[in-house]
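# Let me see the structure of the following:
(2 chains)
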There are 2 protein chains.
Amino acid sequence: MSQTPLRPKVIAFDVFGTVVDWHGSIQKEVETLQPGIDGAAFANAWRAGYKPAMAEVSSGQQAWTKIDDLHRKILDRILPEFNLSLNEAQRQHLNLVWHRLSAWPDAVAGLTRLKSAFTIVTLSNGNLGLLANMAKQAGLPWDLILSAEVFRHYKPDPEAYLGVADVFDVQPQEVMLVATHEDDLSAAQRCGLQTAYVHRAQEYGHAQHKPVGDLSRFNWEARDFMQLADQLLRAS
Amino acid sequence: MSQTPLRPKVIAFDVFGTVVDWHGSIQKEVETLQPGIDGAAFANAWRAGYKPAMAEVSSGQQAWTKIDDLHRKILDRILPEFNLSLNEAQRQHLNLVWHRLSAWPDAVAGLTRLKSAFTIVTLSNGNLGLLANMAKQAGLPWDLILSAEVFRHYKPDPEAYLGVADVFDVQPQEVMLVATHEDDLSAAQRCGLQTAYVHRAQEYGHAQHKPVGDLSRFNWEARDFMQLADQLLRAS
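Numbers count the residues shown, from 1 in each chain, chains lettered A, B, ... in the order given. Predicted structure coming up:
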């Protein structure tokens, strides 16, 4: 770890990929809907449209838009590419698969352990309704669900990271971001937050390699939430 | 009840007085801090400053201000009236008593039952950090904590009530507000929400009578959350 960190008061979690397995959940649902489709490629195509769509909002090119609506726009675009023909009701239902994503196997147990010693919150670009529905379905024990929707700024805008500290009236260094995305953690670090990288090697599926850079710049590195809990509870 | 209501999807709860006993909690803490003080009168004086302070924000006279900061302003004003001399650290600590309020005895059990069939959320003028700390301490099992802070509008502004429907992408009539305050419920009703009045006769303490008007205009009326759960789970 890069320095001896202050004990955090609040641990904020990135959600898509870090807490829940969007790739596996979407692949499974799409392959059930249409056997024979390449569900893994479909999941990655849907997710790939996400950052460009958010960037349009962050740049001011597009007014504030919920992730639900961005997901729908991308879905409508990729359906023909995969020769998937769905009516309006089916599209609406499939779009809400993002509300139904499964947690990684260690997530609920790890979060429950961390909750005993810290305030645990989400910091996701997902909208509040999506995150609440997901938490209810997957049993994620958040103390508070925070979203870009609250701050009207998507990560990696600084307002999102600093917003967590403001909500709890603590210093940025008393907040730790947990994510499996180095760009997210780097942006948090630039705002003064502590950082923990969690490995989710299968985030994009078995077939797609997830490159990992120099993780020593982050405060913690763990293979899953159970190991992260071991590390943080031992340190605190 | 005034009409046969649609089954709600989301039940939103007013918090201060409806879920937690602000009066008893503050009285107890103040009387422990300074034996002999009239803690009941102190609690009511503190609370009485709340609506005028929010009205200044709603009218635009004052910029958006968290309830924590409004509470502190009122506290500084009433301390000398009660001959209570506190230093800065003591004031900061006492101000956070609003984060430590105790739930009414039926609240956790009633909410837990309601959570099995509905999405349960807060809709409070309390800020997010306050509501999250309170939920963690009192064990309140919210699916989502929503606050005026999210909508940047205090109740009874329509934006707060309609904001709940927007977050979950449902119609206003699919949201029910539960409160022990008729003005709050009336404002929700004007926005198309369903309404349930819960009796909290001791909200202002044993000494102060809480007047109750015509409750037949609301969809439901219950003596506590257990009875409300009986009613709603039977109807659904």
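# Check which residues of the top helix by length along chain A are buried.
Under DSSP state H, the helix in chain A containing the largest number of residues is helix A:67-81. Burial within helix A:67-81, assessed by neighbour count using 16 or more other Cβ atoms under 10 Å in any protein chain shown, is assigned to A:67-68, A:70-72, A:74-75, A:79. Backbone N, C-alpha and C define where each C-beta goes, glycine included.
# Over to stretch A:131-148?
Taking 16+ other Cβ under 10 Å as the basis for neighbour counts, the residues of stretch A:131-148 that come out buried are A:131-135, A:138, A:140, A:142-148.
# Quick check: of those residues, which lies closest to residue B:153?
Nearest to residue B:153 among the buried residues of stretch A:131-148 is residue A:147, at 17.9 Å by Cβ to Cβ.
# was I right about the closest one contacting residue A:124?
Yes. Contact status for residue A:147 versus residue A:124: in contact at 5.6 Å, counting by Cβ atoms under 8 Å.
# just to revisit the earlier point, would the longest helix of chain A count as contacting chain B?
Yes. In this structure, helix A:67-81 sits against chain B according to Cβ under 8 Å from any Cβ of the partner chain; the contacting residues are residue A:68.
# what residues does that helix touch?
Residues outside helix A:67-81 that contact it (Cβ atoms under 8 Å, 6 or more residues apart in numbering or on different chains): A:42, A:45-46, A:49-50, A:53-54, A:57, A:85-86, A:91, A:94-96, A:98, A:125-127, A:129-130, A:148, B:169.
# tell me the mean pLDDT over it?
The average pLDDT for helix A:67-81 rounds to 96.
# thinking again about what came up before, now intersect the contacts of helix A:67-81 with the helices, please.
Those of the contacts of helix A:67-81 lying in helices (DSSP H): A:42, A:45-46, A:50, A:53-54, A:57, A:91, A:94-95, A:129-130, A:148.
# and of these, the nearest to chain B?
Of all the ones in helices among the contacts of helix A:67-81, residue A:129 has the smallest distance to chain B: 4.6 Å, by Cβ to the nearest Cβ.
# Distance of that closest one relative to residue A:187?
Distance, residue A:129 to residue A:187, using Cβ to Cβ, to the nearest Å: 25 Å.
# Quick check on these two: which one has the bigger neighbour count.
Set residue A:129 next to residue A:187 and count neighbours by other Cβ atoms under 10 Å in any protein chain shown: residue A:129 wins out with 25 against 20.
# My guess is that one contacts residue B:167. True?
Yes. With contact defined as Cβ under 8 Å, residue A:129 counts as touching residue B:167 (4.8 Å).
# Now do the least confident helix or strand in chain A by mean pLDDT against helix A:67-81: the angle between them, please.
With mean pLDDT, DSSP states H and E as the measure, the helix or strand of chain A carrying the lowest mean pLDDT is helix A:50-58 (a mean of 87). In terms of direction (axes from the mean of the first three to the mean of the last three Cα atoms, to 10 degrees), helix A:50-58 departs from helix A:67-81 by 130 degrees.
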